[in-house]
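*Asks:* pasting the structure only:
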């Protein structure tokens, strides 16, 4: 990988992941037993979904994930964790203003000078994971490695798998596919959502994402030759066989699911380049959504 900002940032993820584990004890991160909400926009919302599922399944406390614009005004939490690469997104700043003095807030951001750092009670800055590209890759995954490490989960295998994910062939039939559906279960459903978003942003591609067990409740009807179904983590029994029976290509991996997301990021770039698109210049998008007053 060399040409675009996006390609270089994808390739730098193993180094960022190694570095961020030292921040796992940072002040302001949710503590066991706290009732926590995690909020963000776009990619950050999907990372919030993944973390919320991991935190609950490791028994560390009830954890909800919300798009910042949809945060419920009546719900009580011990802490709200906000994820925001730019620190300038309107909906995030509005949410923090609403919570000021009512609920302790912590923000994870890439820019230590952004407005969000003055709006939250605690701030964790991952400046080395910031990005020049509009399309998020390394900041999103680096903050999720941070949050996994803070839960006490081992991340060493994920880092090793990230190195593999940068070089494993994607397959010509996958890069040339007409359509890709991403599936996940538990915490990997957030990764499936994020993979689909990367394909839309970078390549303008037709992609969908579903919980794996829900896929057979209708969405499998679009599976066909020339299309791909990509599973993050272990597939439910019988699913691979059912997908292959449609003529679609079923993709799975023994990589850590977050490392497998790197392969999906690479796919988004490969599809963009195949279509003559610049992954650094996604259509209709800016690095941060700032709405007029």
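*Replies:* Arrived safely, thanks for sending. It should be emphasised that the depicted structure is a prediction, and the values quoted were computed from it without experimental measurement.
*Asks:* Look up the closest residue to residue 239, ignoring the ones flanking it.
*Replies:* Of all residues not flanking residue 239 in the chain, residue 212 sits nearest, at 6.5 Å (Cβ to Cβ, 6 or more residues apart in numbering). Heads up, the C-betas are built off the backbone N, CA and C, glycines and all.
*Asks:* Tally up the residues packed near residue 40, please.
*Replies:* 29 (other Cβ atoms under 10 Å).
*Asks:* so how far is residue 181 from it?
*Replies:* Per Cβ to Cβ, to the nearest Å, residue 40 is found 24 Å from residue 181.
*Asks:* before we move on, what about residue 197?
*Replies:* Residue 197 sits 13 Å away from residue 181, going by Cβ to Cβ.
*Asks:* Next: residue 168.
*Replies:* In terms of Cβ to Cβ, residue 168 sits 20 Å off from residue 181.
*Asks:* what does residue 16 give?
*Replies:* Counting by Cβ to Cβ, the gap from residue 16 to residue 181 is 28 Å.
*Asks:* Show me which of those two is the more surrounded one.
*Replies:* More crowded of residue 16 and residue 181, by other Cβ under 10 Å: residue 181, with 25 against 22.
*Asks:* so the more buried one bridges to which residues?
*Replies:* Beta bridges link residue 181 to residue 208, residue 229, judged by DSSP bridges.
*Asks:* I figured it hits residue 228, correct?
*Replies:* Yes: using Cβ atoms under 8 Å, residue 181 is in contact with residue 228, at 7.2 Å.
*Asks:* quick one: residue 103 is in a helix?
*Replies:* No: per DSSP: H, G, I helix; E, B strand; the rest coil, residue 103 lies outside any helix segment and is coil.
*Asks:* what's around it, how many residues?
*Replies:* When neighbours are counted by other Cβ under 10 Å, residue 103 comes out with 16.
*Asks:* what about the helices in the stretch 1-150 of the chain?
*Replies:* For the stretch 1-150 of the chain, the helices defined by DSSP state H, counting those that start in this stretch cover 5-11, 13-20, 43-57, 90-99, 116-119, 138-150.
*Asks:* Check which residues of the fourth one are buried.
*Replies:* Read it as helix 90-99. Across helix 90-99, burial judged by 16 or more other Cβ atoms under 10 Å covers 90, 91, 92, 93, 95, 96, 99.
*Asks:* which regions of the protein sit below the pLDDT cut-off?
*Replies:* 1-2, 283-291, 293 (pLDDT under 70).
*Asks:* quick one on the thing from earlier: Serialize the helices of the stretch 1-150 of the chain to CSV and add fields for distance to residue 236.
*Replies:* CSV is the format used below for those (distance: least, Cβ to Cβ, whole Å):
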stretch, distance to residue 236
helix 5-11, 29
helix 13-20, 28
helix 43-57, 16
helix 90-99, 35
helix 116-119, 39
helix 138-150, 23
